[in-house]
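Student: Output the structure for:
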Amino acid sequence: MSYDTVLSTARERMGKALDHTQDQLRHIRTSRASAGLVENLRVDYYGSPTPLLQMAQISIPEPRQIMIKPFDASSLEEIAKTVMKSDLGISPENDGKVVRLTMPPLSGDQREKYAAKAKGLAEEGRIAMRNVRRDANKEADALMKEGSMAEDVCHDLHDEIQKLLKEYEGKVSEIQDKKTKEILEV
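Tutor: Okay, here's the model as predicted:
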């Protein structure tokens, strides 16, 4: 293992943590419709829990409406039941061809709850990135102890890993701020 390997591994793992955090935040409800709210709902399709994204076309015809058009019309009822059971708090409208979900405006309490959830998920992402930093620093220290790396080079690597952490934490903060703004807008 080398200086560049430790750094590139840390960058890759922090990137994965960032992607995971973004994905988690996509599933938080805002006042606007988003396919991310429903695409991972699991629908019982012939006895097998199947992600909705694999069963239907999901579109946003209006800013506050999600339209779900199943590839197999016989699964409409099951899709509607799954949406009802989910924690979205939206009643599906089934017209026999598509399921429509109209997003009701969020109350002030709901906005605060979802904003707090976004903050918590963002902090989980930051913690994951700090764990990556810790692991990378341990690898750098191990290289120094075995004599593969000089002490000053190891110190430089620690500095680079810290810069990388700050960069990725900044990205998480940007994503969190954007999501919080979406949640809180009326």
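
Student: could you check the distance from the residue of the chain most remote from its centre over to Cys154?
Tutor: Distance from the C-alpha centroid of the chain peaks at Gly147, with 40.5 Å (Cα atoms, centre = their mean). Separation of Gly147 from Cys154 (Cβ to Cβ, to the nearest Å): 11 Å. Placement of C-beta: from N, CA and C, glycine included.

Student: quick one: buried residues of the biggest helix by length in the chain?
Tutor: If you go by DSSP state H, the chain has its longest helix at helix 108-145. Of all the residues in helix 108-145, those buried under the rule 16 or more other Cβ atoms under 10 Å are 111, 114-115, 117-118, 121-122, 125-126, 128-129, 132-133, 136-137, 139-140, 143-144.

Student: And for stretch 78-94?
Tutor: Going by neighbour count (16+ other Cβ under 10 Å), the buried part of stretch 78-94 is 78-80, 82-83, 88, 90, 92.

Student: how long is it end to end?
Tutor: For stretch 78-94, the first and last residues are 11 Å from each other (Cα to Cα, to the nearest Å).

Student: contact partners of it?
Tutor: For stretch 78-94, the external contacting residues (Cβ atoms under 8 Å, 6 or more residues apart in numbering) are 29, 37-38, 41-45, 52, 55-56, 68, 70, 76-77, 99-104.

Student: Give the buried subset of those as a PyMOL selection command.
Tutor: Per 16+ other Cβ under 10 Å, the buried members of the contacts of stretch 78-94 correspond to this PyMOL selection:
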select buried, resi 29+37+38+41+43+45+52+55+56+68+70+76+99+100+101+103
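
Student: Tell me who's in contact with the residue lying closest to Asp141 once chain neighbours are set aside.
Tutor: Among residues not flanking Asp141 along the chain, Cys154 sits closest, at 6.7 Å (Cβ to Cβ, 6 or more residues apart in numbering). Going by Cβ under 8 Å, 6+ apart, Cys154 touches 140-141, 143-144.

Student: With distance to Asp23 and pLDDT added, can I get those in JSON lines?
Tutor: Formatted as JSON lines, those follow (distance: Cβ to Cβ, whole Å; pLDDT from 0 to 100):
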{"residue": "Ala140", "distance to Asp23": "30", "pLDDT": "91"}
{"residue": "Asp141", "distance to Asp23": "32", "pLDDT": "92"}
{"residue": "Leu143", "distance to Asp23": "33", "pLDDT": "90"}
{"residue": "Met144", "distance to Asp23": "36", "pLDDT": "89"}
